[in-house]
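>>> I would like to see how this sequence folds:
(chains A, B, C and D)
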4 protein chains.
Amino acid sequence: MNQRTDLAVEAAELKQLSEKDGFLETVTAGTIPVSKVRIVNENAASLTGKPIGNYATVFFDGALSDDELFGHAVERTADLIREFLHGAKSVLAIGLGNAEMTADALGPKVVDRLIISRHLKEQLPDLYRELALGELSALRPGVLGQTGIETAELIRAAVDTVSPDAVVVFDALASRRVKRLCATVQISDTGITPGSGVGNHRARIDKQSLGIPVISIGVPTVVDAATLTADALEKVGKQMNHPSAKALAGELANDEGEALRELLGGYENNLVVTPQDIDALVSRTAKLLSEAVNIAIHNVDREQIDALTGV
Amino acid sequence: MNQRTDLAVEAAELKQLSEKDGFLETVTAGTIPVSKVRIVNENAASLTGKPIGNYATVFFDGALSDDELFGHAVERTADLIREFLHGAKSVLAIGLGNAEMTADALGPKVVDRLIISRHLKEQLPDLYRELALGELSALRPGVLGQTGIETAELIRAAVDTVSPDAVVVFDALASRRVKRLCATVQISDTGITPGSGVGNHRARIDKQSLGIPVISIGVPTVVDAATLTADALEKVGKQMNHPSAKALAGELANDEGEALRELLGGYENNLVVTPQDIDALVSRTAKLLSEAVNIAIHNVDREQIDALTGV
Amino acid sequence: MNQRTDLAVEAAELKQLSEKDGFLETVTAGTIPVSKVRIVNENAASLTGKPIGNYATVFFDGALSDDELFGHAVERTADLIREFLHGAKSVLAIGLGNAEMTADALGPKVVDRLIISRHLKEQLPDLYRELALGELSALRPGVLGQTGIETAELIRAAVDTVSPDAVVVFDALASRRVKRLCATVQISDTGITPGSGVGNHRARIDKQSLGIPVISIGVPTVVDAATLTADALEKVGKQMNHPSAKALAGELANDEGEALRELLGGYENNLVVTPQDIDALVSRTAKLLSEAVNIAIHNVDREQIDALTGV
Amino acid sequence: MNQRTDLAVEAAELKQLSEKDGFLETVTAGTIPVSKVRIVNENAASLTGKPIGNYATVFFDGALSDDELFGHAVERTADLIREFLHGAKSVLAIGLGNAEMTADALGPKVVDRLIISRHLKEQLPDLYRELALGELSALRPGVLGQTGIETAELIRAAVDTVSPDAVVVFDALASRRVKRLCATVQISDTGITPGSGVGNHRARIDKQSLGIPVISIGVPTVVDAATLTADALEKVGKQMNHPSAKALAGELANDEGEALRELLGGYENNLVVTPQDIDALVSRTAKLLSEAVNIAIHNVDREQIDALTGV
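The predicted model follows:
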């Protein structure tokens, strides 16, 4: 059965990968643990379905409702973004996703809270120097159904116009585990395929296609309903430790999810599982990410950000 | 396992009830089918978990994306609301739910589109007579976490203030079937228990407690994740028609959902399954319901409603 | 000409009142200046159009875009709210105004960010004690056109239900001076007349009618277009210091605004002047007020508020 | 004094232009009157401050609250858009403005309600043929403060990507007369200067710069506060027909608005006058414009639009 996840750490966990498979992981424990993963070769890439490259994952469980943890999560994330940016001076931020769909609105919401500064360099050079801001511009490309234009094409056009040193892309992801929803951020240098989440595989946005580093930053906001159900079948079987359950698990694995697909009716890929308070969780998570980016790029204090963005 | 549904027709289907159990159902076929159900006695009430009374269910599958079907669904729903109102002249509409949570915002969104007229009677008596409007007032009581006040108490206070002939309550429901999400409206004369959907059983709002008819109108916007998973386990078992599967189904039934509960982690009751485009579906459904109510109460044409409400 | 203002300090300034007229004012200078005014007798009340009582005005010019000033403004406002509450333990907050109208949405927006705790006392007594929160409940009554119910009646019904020690009412005001928009907060103990801003004088909400203290907290978000124009005519005349200008000013004063009324066409009272970025200003101001109230009632730190309210 | 207007008809009226000045106007009376204007030469362009070209203005006063008039206004506007498009088959719609600022959100709101079809041609060729839709794509470029990128550059990049036959740009305008707010639509073939409304004159978007027709469609949503006040001073003077008033008018004209500027304090260009219910008016106007465009481009019925756009 297809157990979908956009997180490299989950994909590796699912396949129980280790170093000999081309999968390297270093975990730093703490109140805000961080995992750094390297997909080393095509073997690991093929087994996980994730491109060769670097992935950092921040686990910020509990931070959305605890101001101290929230601050730590912002700092850890900001540090990692700085690492991935390798000193890029001019950054173009892309807020992927549909601002009109709660669980998909993370990207646009992050971009709404960024301190945009590129135009100040020319318009208000004194202020720009005084604030000592980095050079940040932003695009909310919308989704294909809203624009009729491939997102990858719009991004490429914006990159041509802005000529940044690096692109940072924000997107809502799908995870396999409910406990990781709005509780985990993945940062990678492998680029993205816009719209891949909804079954449309389109042109890839990455260093190879754009000629500059593409850092993607994502947080899972949904679990695919099919994934949850498949996992439930598998785990309940295992957990009951009953011969019949094991047999069923085997059957299901061979069934390729036909039974499941029928159950979920016409919706299938578009049925998602979320916490009931997903609206508030997405907003808080967007706040966390935007603070991390503002700090990583502009070297501002957390306290200044609200006043500078007017939010 | 607890398979939760707020729809009387689903609860009866689950228990395979029939007339001898105290469950009467008449179905009218058509492009917009309607089921009328009567829970006759305590036996049927106890088996379904729904109070004795009348329930009408409109199946408007496909109507949200087809303007002709949409019009039919509005009319069928308006007819049924008129039936349930039994000629009540002054109506107080209550939009239950949390306007800040997509899937729970149906009630407030319906009320936002109603033609409110009670104050015009005194303020603009000529206009009021000329338009020949019914007398409609409205309350958005919010939810306990937003107000700190029991919703039932606020409703009772508003009823004392307004003295309407009837109360109509709008709410988002949970169904057992994904295909019924934003595709089914249930109208009943049995009242409601505000907040019952999230596990808090509080004071009941019904004809007995208020002294006037309480018509509740609800549309399922979520399937409980626990319900979906439990159903999946059961159905996959049946469908595979395998001795081991049947045995597992039996085990699970005895397990009282312990295994499942652990799987869904800390979230349990608050994990919901929705279509990915739930934001748009809830808005369109609110439009459908509000048009039906405006027509049932004010005798206006569908075309006039936008101009009268300014939406 | 009718130069409308909801600020007592502006009304007194317009009439050039002093102590002998029954108008007492003490101003505390500083980065966030505060004026404390007492309307002592009927003479001053009649001259200003403001009821006898106490008014405190905080001038927080510049605070919305400077995080340090913002913090000071929150503290000064919190101190004054504490003074006006005279130790009230249980408070009902009312967010007046229409959440769908940018400049009128201040009241609902403040209430959206309050830490509501009244229900926790019974539901989660341990947490309630541990957090040592005050007892806060809230109502967003909407406006007459949305409910068909007099706001004063809804407030009275909520007070009967909740039985608080005091009511705090939040509302958007009109000022006479553009520079005071989203830059001034007025706190008073004289109550309010809901809807008075839009020409409908309805039942008063005050200590006399409710039997408990009613603290009203308001920030000007608009200048009446008629007021601005009248002021312009008067001031330009004076400023040019020309005999003909003075003569014109006299004519205009006698004209009772007929000429002006014709100019503003059908709109008159409903035409407002705002800064172009009023949406952001109202949101930031709501944040400032809600932080002040949360601190005054719950004794929390500013840093904890976002985590506790989930905003 | 600078009396700002984005409407060619108002600019001509202000200067009392006629045919001999190079200004041609034909007015069609009716419930929805239409004015067609041609700025013929540089003389008229310089006097009005509007480029040489064609301007059509639809006066839809009263249509937002009357469903019959609304329908007529949609049809008249659709007819004119068709005329200006000269049979263009593939159209790129641009929603200019800041979606977060009520009075500036018209452009993005119009684009939100368009039937976007360009991608269907390739993705769902059968549906595309069956619906017989025109080819429409869209961009919401945001404003400079949100992106750090010149709007004109983003539009140019999108035009390069999409290669449409024509561009249609939607924008909120400023008028001189309060009665024209959300009551007038101007369609022209002269292009636009993004951000010109807020004092930043940037690269022009027109047929010359893009190589394809640029149709701009705008509705006034604000009157500049400085314009209103200047007009008030002038008109009150005239209306009173008093020698002193006439003298003052003369003085003011020579004063170049110094007095006025001081009066409006730090805000000046950014203080706007709007009806109090501007939020609802902008939404209704966006509905009117989007229906007109959908009809002009896709040949759909008004009734189908909601179902096709899911709004």
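
>>> What are the boundaries of the helices in the stretch 201-311 of chain A?
Counting by DSSP state H, counting those that start in this stretch, one finds helices in the stretch 201-311 of chain A at the ranges A:207-210, A:225-240, A:243-255, A:258-263, A:278-298, A:302-309.

>>> and the second one, what's its mean pLDDT?
When the per-residue pLDDT values of helix A:225-240 are averaged, the result is 74.

>>> Please apply the same query to the shortest one.
pLDDT averaged over helix A:207-210 equals 92, rounded to a whole number.

>>> Can you name every helix or strand that it contacts?
With contacts defined as 3 or more C-beta pairs under 8 Å, 6 or more residues apart in numbering or on different chains; DSSP states H and E, the secondary structure elements packing on helix A:207-210 are helix A:151-162. C-betas here are computed from N, CA, C, even on glycine.

>>> Could you spell out the sheet neighbours of the next helix-or-strand element following the helix it packs on, each with its direction?
Moving toward the C-terminus from helix A:151-162, the next helix or strand (DSSP states H and E) is strand A:166-175. Applying DSSP bridges, strand A:166-175 is found paired with strand A:90-95 (parallel), strand A:214-224 (parallel).

>>> Write out the residues of chain A neighbouring chain D.
Applying C-beta under 8 Å from any C-beta of the partner chain, one finds that chain A approaches chain D through A:100, A:112, A:116-120, A:136-140, A:142, A:144-150, A:153-154, A:156-158, A:160-162.

>>> Quick one: buried ones out of the residues you listed?
Among these, those classed as buried by 16 or more other C-beta atoms under 10 Å in any protein chain shown are A:100, A:112, A:116-120, A:136-140, A:142, A:144, A:146-150, A:153-154, A:156-158, A:161-162.

>>> quick one: low-confidence parts of chain A?
Within chain A, the segments meeting pLDDT under 70 span A:1-2, A:195-202, A:235-269.

>>> How much space separates the residue nearest to the spatial centre of it from chain C?
Taking C-alpha atoms, centre = their mean as the criterion, residue A:218 is the residue nearest the geometric centre of chain A, at 1.2 Å. Residue A:218 sits 22 Å away from chain C when distances are taken as C-beta to the nearest C-beta, to the nearest Å.

>>> Just give the nearest non-adjacent residue to that residue, would you?
Nearest-residue entry for residue A:218: residue A:173, 4.1 Å, with adjacent residues in sequence omitted and distances by C-beta to C-beta, 6 or more residues apart in numbering or on different chains.

>>> so the one you found touches residue A:7, yeah?
Yes - with contacts defined as C-beta atoms under 8 Å, residue A:173 counts as touching residue A:7 at a distance of 6.7 Å.

>>> Looking at those two, which one has more neighbours?
Each of residue A:173 and residue A:7 had its neighbours counted (other C-beta atoms under 10 Å in any protein chain shown), and the higher figure belongs to residue A:7 (28 against 21).

>>> So that one is in contact with residue A:185, correct?
No - taking contacts as C-beta under 8 Å, residue A:7 lies outside contact range of residue A:185: 9.9 Å.

>>> So in terms of bridging, what pairs with residue A:214?
The bridge-partner assignment for residue A:214, based on DSSP bridges, gives residue A:167.

>>> Enumerate the residues of the stretch 51-200 of chain A near chain B.
In this structure, the stretch 51-200 of chain A approaches chain B at residues A:100-104, A:177-179, A:198, judged by C-beta under 8 Å from any C-beta.

>>> now do 10 Å
Applying the criterion C-beta under 10 Å from any C-beta of the partner chain, the portion of the stretch 51-200 of chain A that neighbours chain B consists of A:61, A:98, A:100-105, A:145, A:177-181, A:197-198.

>>> PyMOL command to pick out the buried ones of the residues you listed?
Command for PyMOL, covering only those of those found buried under the criterion 16+ other C-beta under 10 Å:
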select buried, chain A and resi 61+98+100+101+102+103+104+105+177+178+180+181+197
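
>>> Which residues are in contact with the nearest residue to residue A:190 once chain neighbours are set aside?
Distance criterion C-beta to C-beta, 6+ apart; nearest residue to residue A:190, sequence neighbours excluded, is residue A:53 at 3.7 Å. Taking C-beta atoms under 10 Å, 6 or more residues apart in numbering or on different chains as the contact definition, residue A:53 lies against A:8, A:37-40, A:45, A:188-191, A:206-207.

>>> same thing with residue A:66?
Neighbouring residues of residue A:66 by C-beta under 10 Å, 6+ apart: A:31, A:60, A:72-73, C:304, C:307-308.

>>> now residue A:231
Taking C-beta under 10 Å, 6+ apart as the definition of contact, the neighbours of residue A:231 are A:1, A:3, A:14, A:176-178, A:223-224, B:229, B:263.

>>> Of all pairs in those, which one is the farthest apart?
Considering C-beta to C-beta, no two members of these lie farther apart than A:14 and B:229, which are separated by 18.5 Å.

>>> ok, the two, which is more surrounded?
Using other C-beta under 10 Å, the more surrounded residue of residue A:14 and residue B:229 is residue B:229, with 27 against 16.

>>> what's around the nearest residue to that one once chain neighbours are set aside, how many residues?
If the residues on either side of it in the chain are set aside, residue B:229 comes closest to residue A:232, at 4.3 Å by C-beta to C-beta, 6+ apart. Per other C-beta under 10 Å, the neighbour tally for residue A:232 reads 22.

>>> Quick check, the residue in the stretch 201-311 of chain A closest to chain C?
Distances from the stretch 201-311 of chain A to chain C, computed as C-beta to the nearest C-beta, single out residue A:307 as the nearest residue at 4.2 Å.

>>> Just give me the neighbour total for the nearest residue to that residue once chain neighbours are set aside.
The spatially closest residue to residue A:307, leaving aside those adjacent along the chain, is residue C:67, at 4.2 Å (C-beta to C-beta, 6+ apart). Residue C:67 is flanked by 17 other residues according to other C-beta under 10 Å.

>>> Look up how far residue A:205 lies from the residue nearest to residue B:229.
According to C-beta to C-beta, to the nearest Å, residue A:232 stands 34 Å off from residue A:205.

>>> Then residue A:114?
Summarising the geometry, the distance separating residue A:114 from residue A:205, computed by C-beta to C-beta, is 19 Å.

>>> Now do the residue in the stretch 151-300 of chain A that chain D sits nearest to against chain B, distance only.
Nearest to chain D, among the residues of the stretch 151-300 of chain A, is residue A:157, at 3.6 Å (C-beta to the nearest C-beta). Computed with C-beta to the nearest C-beta, the distance linking residue A:157 and chain B is 27 Å.

>>> cool, and residue A:59?
Here the criterion is C-beta to the nearest C-beta. By it, residue A:59 lies 14 Å from chain B.

>>> beta partners of that residue?
On DSSP bridges, the residues paired with residue A:59 through beta bridges are residue A:184.
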